[in-house]
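**Q** Take this sequence and fold it.
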Amino acid sequence: MKEAGGLATRKIRLIMSLRRAGITDTRVLGALERIPREAFVPKPFVDQAYEDRTLPIGEGQTISQPQVVALMTQALEIKSSHKVLEIGTGSGYQAAVLSRLARRIYSIERHKLLLAEAEQRFKDLRLTNIHCRYGDGSLGWPEQTDFDRIMVTAAAATLPEALLKQLKDGGILVAPIGSERGDQLLMRYRRHGDEWSEETLGEVRFVPLLPGAVEAQSGRGAATSATDGSAGAGPRRRTLA
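**A** As a prediction, the model looks like this:
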């Protein structure tokens, strides 16, 4: 009981810090309050669940820091009727937050072990509007297509065109763009027919978006995913090939 009470207090402090950091969407803040982040981290890190930091989840991956989750979620401008595609299920925490805001979530993960663990968490928390797939996230989910919103939680040097083509006209896609060792920027894309506008939201650091799928890795070490939440440049416009 003492541990649970301590986590509740830390969660309140975290939500307050997110407000101060510029997360003003009350629906996003409410979703973060409802989803227990401690359920998505390994047991040795439960006491750090409400610190604004990344934590290792195995397979060389991490659960993103709460400010990143909040920033990306707010940037999507999700409505309750939306169908959302997430590339990179990871621990399942981001998908769980999205599930409290949208009608349906489709999430793809290339690490089979991580996906199995995430699906069990969704089942335990009775999050029934999340649909998962094991496979190559860069290909998206072609059978569904026409997504209102797409979130990519791994960085690519250039955004896979397959994902842009699966975004509904008028839809929004948020993704980190850049190399694994170089600069990365969090970008927001809005589709306008065969064109899209793009806007820089801030500097970030994510694991790379890799092709293919992985059965399991020998090590379960940490990777990084962080942002400074800095303001970005205004929107620019491009055309789909």
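**Q** Tell me where the longest helix sits in the protein.
**A** helix 2-20 (DSSP state H).
**Q** what about Trp141, how many residues close to it?
**A** 21 (other CB atoms under 10 Å). Every residue, glycine included, has its C-beta placed from N, CA and C.
**Q** who does the nearest residue to it once chain neighbours are set aside bridge with?
**A** Leaving aside its chain neighbours, Trp141 sits nearest to Tyr106 (5.2 Å; criterion: CB to CB, 6 or more residues apart in numbering). Taking DSSP bridges as the rule, Tyr106 bridges to Leu85, His131.
**Q** Go ahead and confirm Tyr106 touches Phe147.
**A** Yes: taking CB atoms under 8 Å as the definition, Tyr106 is a contact partner of Phe147 at 7.5 Å.
**Q** shared neighbours of those two, anything?
**A** Counting by CB atoms under 8 Å, 6 or more residues apart in numbering, the residues touching both Tyr106 and Phe147 are Lys83, Val84, Leu85, Trp141.
**Q** Tell me the one of the residues you listed nearest Gln184?
**A** Leu85 (20.5 Å; CB to CB).
**Q** mind checking how far the closest one is from Gly30?
**A** Using CB to CB, to the nearest Å, Leu85 is found at 22 Å from Gly30.
**Q** ok, now Glu77?
**A** 15 Å.
**Q** More neighbours: which of the two?
**A** Higher neighbour count among Glu77 and Gly30: Glu77, with 16 against 13, using other CB under 10 Å.
**Q** And the average pLDDT for stretch 193-213 is what?
**A** Averaged over stretch 193-213, pLDDT sits at 90.
**Q** So which bits of that stretch are buried?
**A** 196, 198-207, 209, 213 (16 or more other CB atoms under 10 Å).
**Q** now stretch 154-174
**A** Those would be 154-156, 159-160, 163-164, 166-167, 171-174, for stretch 154-174 by 16+ other CB under 10 Å.
**Q** same question, stretch 81-97
**A** Neighbour counts over stretch 81-97 (16+ other CB under 10 Å) mark 82-97 as buried.
**Q** so Val46 sits right up against Glu38, yeah?
**A** Yes: at 4.9 Å, Val46 counts as touching Glu38 under the criterion of CB under 8 Å.
**Q** which neighbours do these two share?
**A** Common neighbours of Val46 and Glu38, counting by CB under 8 Å, 6+ apart, are Leu7.
**Q** for the nearest residue to Gln144 once chain neighbours are set aside, what are its contacts?
**A** Once flanking residues are discounted, Gln144 sits nearest to Tyr106: 5.8 Å by CB to CB, 6+ apart. With contact taken as CB under 8 Å, 6+ apart, Tyr106 is in contact with Lys83, Val84, Leu85, Glu86, His131, Cys132, Arg133, Trp141, Gln144, Phe147.
**Q** Name the helix or strand of the protein that has the lowest mean pLDDT.
**A** Lowest on mean pLDDT, DSSP states H and E among the helices and strands of the chain sits strand 226-227, with a mean of 38.
**Q** Could you list the low-pLDDT ranges of the protein?
**A** 1-5, 216-241 (pLDDT under 70).
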